[in-house]
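J.: Provided below for reference: sequence and predicted model.
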Amino acid sequence: MWEEINDCLYKKFVFANFTDAFAFMTKVAIAAEKQNHHPRWSNVYNVVEVWLNTHEAGNKITQKDYLLSETIDGFF
């Protein structure tokens, strides 16, 4: 479940290994580029953390963030 923290949607994803985490990030990167909406994220080994907000809306959560979060969930 995504959490709303400091004007961001946040979620932590845990995978079996680095390869699975990286494959997930690759899918997200392609989808984000298609939606022209890019996440702030981090990856350490098998953990990917994602923060979403909309810069052009004053770094607030918008419909763009909810749409991308739904897309990201579809890859997990």
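T.: Received, thanks. Source: prediction; values computed, not measured.
J.: give the burial count for Trp51, as a bare number.
T.: As a burial measure, the neighbour count of Trp51 was computed by other Cβ atoms under 10 Å and equals 16. In short, each C-beta sits where N, CA and C put it, glycine included.
J.: can you confirm it is in a strand?
T.: Yes. With DSSP: H, G, I helix; E, B strand; the rest coil as the criterion, Trp51 is assigned to a strand.
J.: remind me, longest helix of the chain?
T.: In the chain, with assignment by DSSP state H, the single longest helix is helix 18-35.
J.: and it, what does it pack against?
T.: strand 40-44, strand 47-52, helix 63-75 (3 or more Cβ pairs under 8 Å, 6 or more residues apart in numbering; DSSP states H and E).
J.: what's the burial count for Asn53?
T.: The number of residues packed near Asn53 is 21, by other Cβ under 10 Å.
J.: please report how far it lies from Val47.
T.: Using Cβ to Cβ, to the nearest Å, one gets 21 Å for the distance from Asn53 to Val47.
J.: check Trp41 too.
T.: From Trp41 to Val47 the distance is 11 Å (Cβ to Cβ).
J.: wait, Phe18 sits on Asn46?
T.: Yes. Phe18 is within contact range of Asn46, at 5.9 Å (criterion: Cβ atoms under 8 Å).
J.: tell me the buried residues in stretch 25-42?
T.: 25, 28, 31-32, 37, 39, 41 (16 or more other Cβ atoms under 10 Å).
J.: which among those gets closest to Gln63?
T.: The nearest member of these to Gln63, counting by Cβ to Cβ, is His37 at 10.1 Å.
J.: skipping adjacent residues, who's closest to Thr62 in space?
T.: Thr54 (4.2 Å; Cβ to Cβ, 6 or more residues apart in numbering).
J.: and for Val14?
T.: Counting by Cβ to Cβ, 6+ apart, Val47 is the residue found nearest to Val14 once chain neighbours are left out, at 5.5 Å.
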